[in-house]
Each structure stands twice: as structure tokens, then as C-alpha cells.
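[1] structure here, sequence nowhere to be found:
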């Protein structure tokens, strides 16, 4: 992976016209495409931040790459919301770490260009965004297991229970200044959705409910603030930072994680909680889709697969790790370690439920909704589901510290879903 | 403050012969000294890491400076224990932050030289190291209040409850790579003292007790590990990182904090706990000094002054801080904030007791003892006090979560001291 230095003068925003000549100068990309003389270029990004193109050889469409470029503003909000494009630097750094840790779960990176804030990577033509698949009610038999493995490998192996002290600090140092994207999370997940704020989404019936039941629920908001503090000051492991169903490309056999620009050192439970919340948001949306009940059942069955795979692998790695920043061989007897590890896993589960609660609220009230729900055209129906999700968010937040196992979480969730009157 | 870039070629270890010509080239220092043609130079460092010289104009001894230089090994352990001298960079950065935050509590810095790993600062001729004064049984009427203020100002104002997000990350970024000194703390405070380790101190009667009551106390060691994890992964505020009575220069009116090379972002309670532990270690030592009982009483009276000053100022600053990384105006009503703040202060107190427990153990068993105790010549007497301190460490660790106020801590401590048979 080549990384050149950033320089403002060398940056220009790519478009369909300028992409061919840009790619022609990159041997690794020319090799994948065969030739750059006749390219077919499609803008495919549905993201909130960046531009994404699929570029293929028009003579041989099986030869293709993805070109992703950061622009110096928040695409979702428009050019009036500046956002330093050096976020691409952190996306590249995270991909680089993941290529070592979980090569089978991230696309190949052919070229990374910090000057142009561009990354060129493997085109996943046989895969679709998991969120899109879930909206269509498609079952993916492997994705839950893959997600659990991805989290266990990346989160445990970048934690102080695995890494030696100096190596850990060096890795941490590579992400500390991903400041703009951390600030987006601070604002859009932990602050704005719970206040009257111009950036928030609006749906009259939902707004009414929110005014009464979110803005005025001080206990809930105090918990949100607690999780904001964890997010800001717990440097536990290298997080993906935006691990939801829109950041995964899947098919029946394979799962890839993309969009790593939010990567930074934070609490492990944040990644886990985001995954949970996006399954739950999708689950709720299926009250309104044909065949929804069966698909809802499938979704809820995935949660224990995700968690159990994550926990099993995380503990397996932990048991093998005898010398790290935190631990030296022989410091404690095995039975004490067992109990310490199991307390840690319970804490991750509880905090994941709290982060899931924040994530569900922000995806409902905040600027960046999920297509699962926002795509429902009838505003009254949509509002019913929005309020349902907010109630579930509140329930998760309130009861999180009663959870000790993933089964406890499932009981809570199933119990909650059974209250919905279809 | 001038900071030049580090370069290996430009570094040489200073000694009495080379200091005059080195200083002659630094206008800011020549100005303080008047002239460098006839200097009186004394090595005064009793530290574990660096060389410290007092340099004065032999014709006018009131004109003087302190020259402090880092050497590329752990002075305490000898040249065989390498330690990157770039720690001086972090000492300089911390002094720079403290000059803004608490100018009256840190010496003036005349010159800082990263190439030479040297800092040249105000000579505090009318002050002595607090530890030395406390060994002599001297009362300092202001130091407790000053220590509380120093901690409140530096810890609150570098926390996410005060700093805006980007500024906070930039400051954090300046200390992330103080890796060697963080590793020293990880090893020497949180690991080696609780194991058989070649670096540990030895005193036969104490060793015997430690084998039974520290090495085998798994609950205690598990708590130590908990605090190690907090130290490693809670980036709450810019800590001094080594705030004990050997890092303060005092007299009846003034108090200065020195030796800032351990500075990094960590848990607030770590600085508070180190202060507590060093008062307690001194207190114990006065069982064996003339007039000790009255001085012990004075020492214990300082703990609530330190804490109450710290807490009052910390909360005062917090109440004034309406917009920060964590908080935006109006997010919660004042009564919720009051209760949140008071929960935070209780947690800081409890964690400070836990960190104090670790610090007392390491100062007793580990390589870096305190002169208060290690200076007692009779080994049997010394061992009695060592075991007493270790028992207090265990009591603090075990009962820390029962503490809600500084009075609770005092009851615990007074109760414990009353068990000593003189």
C-alpha cells in the first residue's frame, strides 16, 4: 500500500471525466483493470461523507475497482458543513491494521493516496450492502458469525490485554487525531438528538413524542452523557467506530467490512452496540414489510450468534495472551483470571446495550437515519415505528445493568417486540 | 520558551566542566546569572531518572538557575537499563501547559533544549523538597491548600468537561507517546511489586510477610490489575503522573510542583491517590521520630484540606463550564448536574484510595522506596513500618468503595493508625 504525503495543492475533486487519467498513472490499478482506455464509471455511494465510484473496464466488466474519495465537507449536510478530508488518512490506517488482523473481512486495497484523499480498492461485485439486503428480507447465513469474529479479532488484538505497551501506544498515536470524525460522533450520536437542534430529523407525530419522552427524560439523558464520557475517554481498543449494516458488504458466503474512516481508540462496547442497534432497527422495520414476522425472527436469532461468536473468540484469544501491557504470566491464578474475564464480558454486554440505545435514538431522531425506517413512505406508519424504536432505546438504557448474558438481552428484546400491536 | 529539535548528534551528557560553556551560549540564562565566567556548580539531584545541577554566579550567589538533564538510561537502575531521554520532551510540554494553567505553582522555565534533553529553570533557593521537610517534621501551613488547587486547576481544565473536543485531542496528542515513562509506571507501580522480581527491594522480615500476604492475596492483586487497566486506558485529564512529596518544593508561603516528565492523559484519581499515599507513608514513618505523634496528627489534618480544596475548586470550575467536549448548555437541569458531579467526586475519591494503595505498596516493596521509610536504619524497625504500610494499603484497597466523603477516608485511616502498638 503506497501512501504519499498530503498537500493541499495536489488535491482536486474527482469526477467521471477526470477519473480515467487519474487511474492511468497508477500501475497497481491498471493491472487490475487491464486497461484504462475505455472505462465504465458509475457513482454508487449512498454514504453521508464521501464520493464512491465503481470503475470497470468497459471491454471486460469483470475487471473493476472502487474509487473512494473524501471531500472537504460533510456530504450529508452540504458544502456549508466543512469536514477536513484528512479523515481519509484514518480510513487508510484502519484498513492497514485490518489487513493484518482480519484480511478475509476487508477488501484488498490497491492504492491509497493521502494527497488526493483517495483509496482504490477491490470491487465487491458479488456482494451488497447488508442494510439493503436486510431491507429486502434476505437471510445471510454467515454474516452474524463473521461479524462476531471480526469484532473479536480486531478489538481484542488492539487492546492492552494483547498488545505490548509501546506497540499499543504507537498504534493509538496513529488515530488520536481523527478528531473531526470523533467530534461528529460526539455531536450526532451523543448530543444533538436529545435536544432541539436544527440538524435533527422531523416527523410531526414523532417530534411531539420526543419532546415529552426524550427531552424531558433526564435520567435517560444522564445515561447518554455517561456513554458520551466513555466514548471520549476510554481508550480500550481500536474501534471501527461506525460498524453498522451499512458498513458491511455481504453475500451468502462472505462478509466484508468497509468505511473505516471513524476508526479510533475507544470502548469495545461501542462497536458491539452499533451492530446490535442496527439489527434492532431493521427488525422493527419489518413490522411493515411482507413476510416480516419470519424475518424478524431470523434477525433476532442473529444477535446471540454475533455475541456468542464474539465472546468465544475474544475469550479464546485472551486465554492465549500471557504477556501484554496489562498482564504478565503468573500474576494471578487461572480461576481469578476466569472470573475477571467473565466480569469484563458482562460489562461489555451492558455497555453495548447502552451504546445501542444511543445509536437507536440518533438513527431515529438525528440527521443520519437508517433507510430501513426512513424509507417507509407513510409518515404515520413511520412515526409508529420511530416511537417504538425510541421506547426500545429507553428500555435498553434503563435495564442494561440487569443483563448478564445475551439470553437476558434477548428476553428483554423479545418481550419488548411482543408489546407491538400490528 | 525555546524548543529546538532533537538530534542524536547534538546530545552530550553535561558535567561540571562542560556546563559553563553550554550556558554561556544561552542569552536568557546569561541574563539571569549576570555572567557565566565564574560559576559555582553543585549536583543536587536525588531523583531516580535525571541529573540536576544548581548553578550560581560565584560572585553573586543570589543569581542562580537549575539545570536538569535527562540521560539515556534509568539513573536509579544504572546504564544497563536504557530509557529514552525524549522523556524530557514531555517534561517540557507539561511545564508549558502548567505555565498557562497554574503559573504560580511551577518554576519559571528559562530555556528548554530538546537536542540536549535539558531544561533550565528557576532556582528555588528558599524552598526545600516537601519530602525532606516532612522527614524533619516541619509544618507547611499552605502546602495542602496549594496541592488541592494545583490538582483542581490542572486536572479539571485538561478534562473533557472543560476543553473543547479538538483542543483536547491536540493536547492529548502531545503526550500519547510518553511511552517509556508510562511503561515504568505500568511495571514499577502495578506489576513488579506484587511478584517475585529482581528489581524489588528486600528486607528479610518484610519479604517473608509479603510472600504470604501480598503474593498470595489474589483479591488484592486483582484490584491492582483493575487500577492498572484504569491507568492504561482512561484518558480523563493531563496528569502530572508522579505527584508526590518529592515532586514539590515548598516553604512556609509557597509551593512549587516540579519533575513533570511522567505527564500523560490518565485518570484524575491517579494524581490524587499519589498525593494521599505519600502523606500516609510519611505519617507512618513518624512513629519512629521524636515528636512524631503531634506531627502525625498534623499530617492527617492535611488530607481533608487537600481534598476539600481540590473538590471545592474542581466543582467551582465545573459549574462555570457550560460548553465543552462533554457538555452543551441546557442538556440537563442543574439538579441532575449536581448529582452527576457529586457521583463523579465520590468515584474520584474511591479510585484515589485504590491508587494510593498501589502507590504505598510499590514504595514499600518496589525498587523506588521513599526516604521517609528507607532512611530508617534499623532493619527490624523499618520492617515493622513497612508491614504496617502494606496492611494500610490492603485496607484502603478493600474498603475503598465504602468511602463517600473525605471524612470516611479519615475514619478509616485514623482507625488504622490507632491499631499500631508503639
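    Arrived safely. Fair warning: this is a prediction, and the values are worked out from it, not measured in the lab.
[2] C-alpha from now on. contacts and neighbour counts both.
    Noted.
[3] which stretches of the stretch 1-150 of chain A form helices?
    For the stretch 1-150 of chain A, the helices defined by DSSP state H, counting those that start in this stretch occupy A:19-24, A:27-33, A:87-101, A:130-135, A:143-151.
[4] closest one to residue B:252 among these?
    Evaluated over those, closeness to residue B:252 peaks at helix A:87-101, with 51.9 Å, by Cα to Cα.
[5] which stretches in chain A count as strands?
    Using DSSP state E, the strands of chain A run over A:39-43, A:50-57, A:60-70, A:109-113, A:118-122, A:128-129, A:237-239, A:248-250, A:255-257, A:264-266.
[6] now these in TSV, with mean pLDDT and distance to chain B?
    Listed next are the strands of chain A as TSV, based on pLDDT from 0 to 100; distance: least, Cα to the nearest Cα, whole Å:
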stretch	mean pLDDT	distance to chain B
strand A:39-43	96	32
strand A:50-57	94	22
strand A:60-70	94	20
strand A:109-113	94	24
strand A:118-122	96	24
strand A:128-129	95	32
strand A:237-239	98	9
strand A:248-250	98	28
strand A:255-257	98	26
strand A:264-266	98	9
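[7] so of those, which one's packed in deepest?
    Ranked by mean neighbour count, those are led by strand A:264-266 with a mean of 27 (mean count of other Cα atoms under 10 Å in any protein chain shown).
[8] those residues of chain A touching chain B, which are they?
    By the rule Cα under 8 Å from any Cα of the partner chain, the part of chain A lying against chain B is A:160, A:165-166, A:169-170, A:172-173, A:176-177, A:179-180, A:183, A:186, A:191, A:194-195, A:218, A:221-222, A:225, A:228-229, A:232-236, A:325-326, A:328, A:331-333, A:336, A:340.
[9] and with 6 Å instead?
    Contact residues, chain A versus chain B (Cα under 6 Å from any Cα of the partner chain): A:166, A:179, A:233-236.
[10] where do the helices sit along the stretch 251-400 of chain A?
    Counting by DSSP H, counting those that start in this stretch, the helices of the stretch 251-400 of chain A are A:268-285, A:292-320, A:334-365, A:371-374, A:379-399.
[11] do you know which of these lies nearest residue A:60?
    helix A:371-374 (32.8 Å).
[12] for the closest one, buried residues please.
    For helix A:371-374, the neighbour count (16 or more other Cα atoms under 10 Å in any protein chain shown) marks A:371-374 as buried.
[13] now do stretch A:370-390
    A:370-374, A:376, A:382-383, A:385-390.
[14] give me the contact list for stretch A:317-335.
    A:160-165 (Cα atoms under 6 Å, 6 or more residues apart in numbering or on different chains).
[15] how about those residues in JSON lines, adding pLDDT?
    Supplementary listing: those in JSON lines, determined by pLDDT from 0 to 100:
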{"residue": "A:160", "pLDDT": "98"}
{"residue": "A:161", "pLDDT": "98"}
{"residue": "A:162", "pLDDT": "98"}
{"residue": "A:163", "pLDDT": "98"}
{"residue": "A:164", "pLDDT": "98"}
{"residue": "A:165", "pLDDT": "97"}
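[16] in helices, which of those residues appear?
    Among those, DSSP state H puts residue A:165 in helices.
[17] next one: stretch A:122-133 to chain centre, how far?
    Put simply, stretch A:122-133 sits 15 Å off its chain's centre (Cα atoms, centre = their mean, to the nearest Å).
[18] show me what it is in contact with.
    Counting by Cα under 6 Å, 6+ apart, residues outside stretch A:122-133 touching it are A:64-66, A:107-108, A:245-246, A:248-251.
[19] and the furthest pair within the residues you listed?
    Checking those with Cα to Cα, the most distant pair is A:64 and A:245, at 23.6 Å.
[20] identify the residues contacting the residue nearest to the spatial centre of chain A.
    Residue closest to the average C-alpha location in chain A (Cα atoms, centre = their mean): residue A:243, at 1.5 Å. By Cα under 6 Å, 6+ apart, the contact set of residue A:243 is A:271, A:274-275.
[21] could you do residue A:160 as well?
    A:325-326.
[22] who's in contact with the residue nearest to residue A:148 when sequence neighbours are not counted?
    Spatial nearest neighbour of residue A:148, chain neighbours left out: residue A:310 (4.0 Å); criterion: Cα to Cα, 6 or more residues apart in numbering or on different chains. Residues near residue A:310 by Cα under 6 Å, 6+ apart: A:148-149, A:152.
[23] now, which of those sits nearest chain B?
    Checking the contacts of residue A:310 against chain B with Cα to the nearest Cα, the nearest one is residue A:152 at 18.4 Å.
[24] you'd agree the closest one is up against residue A:314?
    Yes. Using Cα atoms under 6 Å, residue A:152 is in contact with residue A:314, at 4.8 Å.
[25] more neighbours: which of these two?
    Shown here are residue A:152 and residue A:314; by other Cα atoms under 10 Å in any protein chain shown, residue A:152 has more neighbours (25 against 22).
[26] now do the more buried one against residue B:326, distance only.
    29 Å (Cα to Cα, to the nearest Å).
[27] for residue A:166, the count of nearby residues, please.
    As a measure of burial, residue A:166 has 16 neighbours, counting by other Cα under 10 Å.
[28] what sits against it?
    Applying Cα under 6 Å, 6+ apart, we find residue A:166 in contact with residue B:179.
[29] just the pLDDT at it, thanks.
    pLDDT, residue A:166: 96.
[30] domains in chain A, by residue range?
    According to automatic domain parsing, chain A comprises the domains A:8-122, A:128-417.
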